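*Asks:* Take a look and give me a structure for this.
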Amino acid sequence: MGKASISILATALAVALAPTPALARSGDVAATKAYIQADYALVHTARINMRTGEAALETLRQTLSAECPGAAAASPENEAAEHLSKEVIGAMSIVFIRSDVQAVASFANAVERLHWSNHKLTHKVVSYASKLQALATLAMPDVCGDLKAWAASGYKTQPPSTTQFDRYFTAEDVGIGEVPARLLAPYEHSAERALLRRTTQFENELVDAEARAVEPWSKILDALKLQP
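*Replies:* Residues are numbered from 1 along each chain as shown. Modelled structure (predicted):
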């Protein structure tokens, strides 16, 4: 067969195998419904556990304040200090999400195989679920140990464990509700609007909780004498 014939045959096969607009639309609607239900279950559980997460932040503050008070006393305000401060943020994220581990696993299991004709939306959903699951299972860093190692070097050498943790945490850090609502909107049904409103309400409450976490973070840094 000539090149022209092969090209025509390939095009014909692609057209024949491609889903019709009606089928694609039906699949998009079904995937969106499944995502909305899974997302609601996740944020509903996270909202129930929110106070538990905030209590865990206070426990972390007390623990670090007792285990290594003033560990970074007289430390400089430089890039290494920023990385160690970020390690504290990572530790806070881990203890806050710990009570949601099972809910995150259920969410990821429910949405990781969903597909839309909009490939950007599919990628966003899969990436979001993957990051949430990675964050929920991230190992706790040794904040006190890393601060003491930094101090022992005369504040000249950032611990390799801090570098490794920060790199991984930065790659997996994710905010609640990261999937843009505008990408889902074309496939939503009016029957799902009430559920979406409750989901948005819970997400906003969780965002407010994240904002409140600035206070315990500042208190931890003050106790450790760490200048970010």
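*Asks:* Going by C-alpha atoms from here, please, whenever you check contacts or count neighbours.
*Replies:* OK.
*Asks:* So which residues of the protein form helices?
*Replies:* 3-17, 21-48, 50-67, 79-97, 101-111, 119-136, 143-152, 160-172, 181-184, 193-212, 214-224 (DSSP state H).
*Asks:* Relative to residue 73, which of those helices is closest?
*Replies:* Comparison of the helices of the chain against residue 73 by CA to CA identifies helix 214-224 as nearest, at 7.1 Å.
*Asks:* so how far is that closest one off the chain centroid?
*Replies:* 22 Å (CA atoms, centre = their mean, to the nearest Å).
*Asks:* is it true that residue 162 touches residue 147?
*Replies:* No - counting by CA atoms under 8 Å, residue 162 does not reach residue 147; the two are 9.2 Å apart.
*Asks:* which neighbours do these two share?
*Replies:* residue 84 (CA atoms under 8 Å, 6 or more residues apart in numbering).
*Asks:* Pull the contacting residues for the residue lying closest to residue 31 once chain neighbours are set aside.
*Replies:* Among residues not flanking residue 31 along the chain, residue 114 sits closest, at 5.8 Å (CA to CA, 6 or more residues apart in numbering). Each residue near residue 114 by CA under 8 Å, 6+ apart is listed here: 31, 35, 122.
*Asks:* at 10 Å what do you get?
*Replies:* Contacts for residue 114 (CA atoms under 10 Å, 6 or more residues apart in numbering) come out as 27, 28, 30, 31, 32, 34, 35, 121, 122, 123, 125, 126.
*Asks:* picking that back up, need the helices of the chain in JSON lines (columns: mean pLDDT).
*Replies:* Converted to JSON lines, the helices of the chain look like this (pLDDT from 0 to 100):
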{"stretch": "helix 3-17", "mean pLDDT": "50"}
{"stretch": "helix 21-48", "mean pLDDT": "88"}
{"stretch": "helix 50-67", "mean pLDDT": "97"}
{"stretch": "helix 79-97", "mean pLDDT": "97"}
{"stretch": "helix 101-111", "mean pLDDT": "96"}
{"stretch": "helix 119-136", "mean pLDDT": "95"}
{"stretch": "helix 143-152", "mean pLDDT": "98"}
{"stretch": "helix 160-172", "mean pLDDT": "96"}
{"stretch": "helix 181-184", "mean pLDDT": "90"}
{"stretch": "helix 193-212", "mean pLDDT": "93"}
{"stretch": "helix 214-224", "mean pLDDT": "97"}
